[in-house]
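Student: Predicted model and sequence follow; I will ask about them next.
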Amino acid sequence: MVGGSGDENGLSAADGVGGVCGDHEGDPWSYTVEGSNPALVAAALALVVAAYLLYNVDFVQFQGRYLYPALIPLAGVVAATLPACRARLRWRLPAFREASLAQLASAIALMLKNGATLPEALALAEALESHTPAAAPLARWRRRLEAGQGKPADWDAENRPFPPLFLWLVQRSGEDVAAGFQQAADLYRARASYRIEMMLYGALPVAIVLLGLMVLWQAAPGVIWLTRLGDFLYLVGSF
């Protein structure tokens, strides 16, 4: 739903951004599940592959079931890499990019309305987006503000992944920067909802066709059996 009060939208946006990005510091391996160790995961994979190869030296049985033990370390690899990839892709994919812009703008607007300064709000937003493409422009804006330069009106348009329209909405608000971020949040929230609806409407016909093919695939053996039964009964009756 696009509507709702600014405080509620901002709070949910801040929680959403924090939940997606998390509080991870250091290298990408910090995204691993608590207690996991990359060296152990690599060693487990190596042992499984080595056991598979050694077994097939004496007994040639290239069967996938012997690789089932590798599913556990592979699951660890997915758990280690998926959050980092998701954090980057959500700023590049349509609909998800607009939703990320709306969440971040709403969170900054909420912080400004509750007494935080613009550098403080940008610093928190930068920490939340530390592993995404949005971190670099947020850090640049914060440094310029802390140095006494670069009000929002002076921010240039080359700040990907923030589009020029986002910056224009913030800059046109003048001294009321919180209102500018809130307007940007409302606009991009509406855009995200529209694009998500369009994607769902586009996927619906494909899903119906696939479902029909699945039903046809399941029903085909029964139809063939009934056809053969009819032919058999016809032959029996002709004697």
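Tutor: Structure received.

Student: From here on, just use CA atoms for contacts and neighbour counts.
Tutor: Fine.

Student: which other helices and strands contact the helix or strand hosting Ala121?
Tutor: Following DSSP states H and E, the helix or strand that holds Ala121 is helix 118-128. Other helices and strands packing on helix 118-128, by 3 or more CA pairs under 8 Å, 6 or more residues apart in numbering; DSSP states H and E, are helix 6-21, helix 96-113, helix 135-146.

Student: quick check, distance from the longest one to the centre of its chain.
Tutor: What separates the centre of helix 96-113 from the centre of its chain is 16 Å, taken as CA atoms, centre = their mean, to the nearest Å.

Student: That helix to helix 118-128, inter-axis angle?
Tutor: Calculated by axes from the mean of the first three to the mean of the last three CA atoms, to 10 degrees, helix 96-113 forms an angle of 140 degrees with helix 118-128.

Student: what is the mean pLDDT for helix 96-113?
Tutor: Per-residue pLDDT values over helix 96-113 give a mean of 91.

Student: what about the helices in the chain?
Tutor: Listed in chain order, the helices of the chain (DSSP state H) span 6-21, 38-58, 71-89, 96-113, 118-128, 135-146, 164-171, 177-238.

Student: Quick check: the residue nearest the centre of the chain vs Thr132, distance?
Tutor: Central residue check for the chain by CA atoms, centre = their mean: the C-alpha nearest the mean position is that of Arg86, 4.0 Å away. Plainly put, Arg86 is 9 Å away from Thr132 if you go by CA to CA, to the nearest Å.

Student: Likewise for Gly202?
Tutor: When distances are taken as CA to CA, Gly202 and Thr132 turn out to be 28 Å apart.

Student: now Leu145
Tutor: Plainly put, Leu145 is 21 Å away from Thr132 if you go by CA to CA.

Student: I'd like the distance from stretch 108-116 to the chain centre, please.
Tutor: The chain centroid and the centroid of stretch 108-116 are separated by 26 Å, computed with CA atoms, centre = their mean.

Student: Hmm, Pro94 is touching Arg195, no?
Tutor: Yes - judged on CA atoms under 8 Å, Pro94 makes contact with Arg195 at a distance of 7.4 Å.

Student: What is the burial count for the closest residue to Gly180 other than its chain neighbours?
Tutor: Nearest residue to Gly180, sequence neighbours excluded (CA to CA, 6 or more residues apart in numbering): Val170, at 4.1 Å. Residues contacting Val170 under the criterion other CA atoms under 10 Å number 23.
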